[in-house]
Structure formats: structure tokens, C-alpha cells
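Enquirer: sequence and predicted structure are below.
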Amino acid sequence: MSPAQGKLLAYGFASLLQAGHRGVTWAHHVPGDLMTRSHRSGWAWRDVLREHCRRCVTGERRDGGRGESTPRRHAFVMAGGDDERWRSVTRRLTGVAMPRQYCAFRPGLSLVQETIERLAPVCSYDQLTVVVDRHEGRRAAGQLKDYRGIDVFDQPTDCGTAIGLLVPLLELVMTDPDAVVLVTSVDQGVADTATFRRTVDRALEAAVERERIVLVGTRSAGTGEAQGWIVPHRPLHPSGSFVPVARLVHRAGADTAAALRRAGGMRSTMVMAAPGRLLIDLYERLCPQVLQLFLFCACLPAAERRAFVDEAFDGLGQLDLFGDLLAMAEQLVACRLPAATGWTDLGNEAALERYLAAQHAAQRRHPPQPSVTGSVTLSRRARRSAPSPIAADL
């Protein structure tokens, strides 16, 4: 049994206990006998989704009412987590100790804001969700106030990217089952945003056409182990091609990383494109108890969901999307960022300082122009019908 398999098995048992306890506590709030029928008949998540939509949003189009055949795009920016080791770094560089994702290391934008700006031409603000920690809600709200229509999920605590993504992803899929999603971290720097956007755009198109989870990698050099490695079945040539993934390596020391590079491996950029329902299928196959817990939550009346999420998160451990779930996924596809993108892993202090030095030099040559105006409306997709408190406004 691999380490990832062992962790998922242990996590599944813990989540099963959580699901049983929460189910007993909240069962009287679920509409009708929906979850009871799903348990007795062995329904898959799609059956529960179909029945829930029939009862709660009767008449809503499968494509979300847009009348379009092209799947809607939606991006998730994973901005949760608070590594204490970085607080001394942010204090030294900016004068304030805070999570690095909210730091404006150079005059202008924080890492969260840079990520949003980078994705804006690919997914508009109202097609973008930022996952943040609730205790940083005030800071996040201050930085997101100028982005119209952006969506926020303020998770009660950091339980890892797999859990932080699942709650807003389920809400999206329940309102738009055909949506294609982009998931990205904020711990990265990009010199050529236009090239980055073109690659992401191709990844989203490939995810729809191939019905696959598409990972974006890079051959750029770097230090640190945080990002992990993608090992394709064959070398990627040219940069715009797509190949099946042989395996993922979550962390690699210097010797292992050198061997992976020689074998054609790519460093993971923590950028992924996939049909939303395919990701839900992955949760159902690898950690069904986790999916059951939050699917139960999604079937609750809107007024009850936030309290349920608070209780559910309180008893869950860490589960990482890339290191735990995707490491066990099948039929992954990968593409490579062109070298001209200038992608940088900002997961360690040395890389961050190099990136900042390059950005300072570029800024002196080309002063930035303001690109965002107006006031924010942190609205949720579901507000077309009724407000959902799962990710209440910060």
C-alpha cells in the first residue's frame, strides 16, 4: 500500500465517523427522505444531485440557464493556509507579519491579487472563487473589495486543499453540472502572463474535449520540494502538446528531482483544469465518506449549511488535492508551460527574493497601470434563487 493509499484509507475512516455523527445531528433538516433513499439504494452522487435539483431548483436548465452549449468556465484560487515560518519573512520584507498570500512584496498587488489579475482574461471575476481562511477574512475582504462579483469561500479552518475545494465545487456542480474548472494556488510568479493564459486556455479546452483532468507542468529550474513533480509517459514536445501522466511525485529531494528531470519529468505548477463532475467522481472513488459528508451538507436548507460546515471542518484532518487525491487518480493528462512564461515557484524564501528582484527591475522599466476599479459585490452564484451561507460574505 502506498503512503497516499494509506492516508486516504485512514482519512476515510475518520470521515465516516464524522459523516455518521453529523448525519444523526442534522438528519431532521434534510428535505424529505433524500439521503435515506440514497443510503438504502446505493445511489451515486449524480443520483443525489439529480433528485436534489428536481426538488429544489425545478425548471433550472442543465447549463445553468445560459442557453449555451459551451461549458462554463470557473476558476478556484486556493488562498488558504498560514505557515508560521513565513511570518518572520513577511515581517522582514514588508514590516507586517501575515500569511504570504496577502503580502504586497512589491508596490502594487499581493500574491492573491496577482493571481486574480492573471486569470481575469480566462475567467471573469464572477466566474472565480477564492478560498480563504475565516480568521483572515477581514484582510481578504480588504484586498478583494475592488473585484466585482468575485466569490469567496471562507473555510472555518485549513483542512487542506482537497477539502477547501470540495464545498464550493459541489455548489458549482449542483447549479452547473457541465462546468469546467481551473484550480490554482497563489504561490507562484509569472513573468509572461499572456503566454501563461494561452497555456491555461488550451488546458481548459483539452479538459473538455478529452474528458480528462489536465495538469500544467514546467521544466523551469527551481529549488525546494513543495510543488512536486509530474512524470509523463513520454517527453512533451512541443510545449503545446498533451500526454498521459505516468505518475506524480509529491515531494522530491535534490537527487530524486535531478533523476526525474533527466527522465523528462516536469515540476508541478499546482495549476489544473478539469470538468467539475470528473473531480467529484474522483472524490467519490477515493474518499466517498468525505463526499457523502458534504453532499449531505449541500442537501440541507441554505440557512443550515454554514453551521454544518463549521462542525464538519472541526473534526477533519489535512487532505491535499495534489499530494493525496491526484496522486491516486487515473488517466491524468499533462501539458507544459513554455520556458518563455518565466514561471517561478514562490514556495521558499530564496525563490521569492529572486522573483521580487526581477519584478522590481521590470517595474522600473514599465510602471504598472491601474486595472481594477469599482466596488466589490461578493455575491454567490446561488443568489439567483436564495442566499447560501456556506461562503458568507466576508
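Expert: Ah, there it is. Since the structure is predicted, the reported quantities are computational estimates derived from the model, not experimental observations.

Enquirer: report all helices and strands that the longest strand out of those in the chain contacts.
Expert: If you go by DSSP state E, the chain has its longest strand at strand 266-275. If you count contacts as 3 or more C-beta pairs under 8 Å, 6 or more residues apart in numbering; DSSP states H and E, strand 266-275 packs onto strand 180-185, strand 188-190, helix 193-210, strand 214-218, strand 229-232. Quick note: C-beta positions are derived from backbone N, CA and C, even for glycine.

Enquirer: alpha carbons of whichever helix or strand comes after that strand, as PDB, please.
Expert: Under the assignment DSSP states H and E, the closest C-terminal helix or strand after strand 266-275 is helix 276-286. Output of helix 276-286 as PDB, limited to C-alpha atoms (Å, rounded to 0.1, in the frame of the first residue of the first chain):
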ATOM      1  CA  GLY A 276     -16.200  19.700 -12.500                       C
ATOM      2  CA  ARG A 277     -18.200  16.400 -12.400                       C
ATOM      3  CA  LEU A 278     -15.000  14.500 -13.100                       C
ATOM      4  CA  LEU A 279     -13.400  15.900 -10.000                       C
ATOM      5  CA  ILE A 280     -16.500  14.900  -8.000                       C
ATOM      6  CA  ASP A 281     -16.100  11.400  -9.400                       C
ATOM      7  CA  LEU A 282     -12.500  11.400  -8.100                       C
ATOM      8  CA  TYR A 283     -13.700  12.300  -4.600                       C
ATOM      9  CA  GLU A 284     -16.400   9.600  -4.800                       C
ATOM     10  CA  ARG A 285     -13.800   6.900  -5.800                       C
ATOM     11  CA  LEU A 286     -11.000   7.800  -3.400                       C
END
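
Enquirer: on that earlier part again, give me the sheet partners of the longest strand of the chain and which way each runs.
Expert: Here strand 266-275 has these sheet partners by DSSP bridges: strand 180-185 (antiparallel), strand 214-218 (antiparallel), strand 229-232 (antiparallel).

Enquirer: tilt between that strand and helix 193-210?
Expert: 50 degrees (axes from the mean of the first three to the mean of the last three C-alpha atoms, to 10 degrees).

Enquirer: when you give positions from now on, start the count at 53
Expert: Okay, residue one is now 53; in that scheme the one you just asked about reads as strand 318-327.

Enquirer: what angle do strand 318-327 and helix 328-338 make?
Expert: Computed by the same axes, to 10 degrees, the angle separating strand 318-327 from helix 328-338 equals 110 degrees.

Enquirer: ok, and for strand 318-327, which residues are buried?
Expert: 318, 319, 320, 321, 322, 323, 324, 325, 326, 327 (16 or more other C-beta atoms under 10 Å).

Enquirer: list the contacts of the second one.
Expert: Residue 319 makes contact with 269, 270, 271, 272, 274, 279, 280, 281, 282, 397 under the criterion C-beta atoms under 8 Å, 6 or more residues apart in numbering.

Enquirer: out of the helices and strands packed on strand 318-327, which is closest to residue 220?
Expert: Taking C-beta to C-beta, strand 232-237 is the member of the helices and strands packed on strand 318-327 nearest to residue 220, at 9.8 Å.

Enquirer: now the closest one: average pLDDT?
Expert: Mean per-residue pLDDT for strand 232-237: 96.

Enquirer: ok, now stretch 151-162?
Expert: 78.
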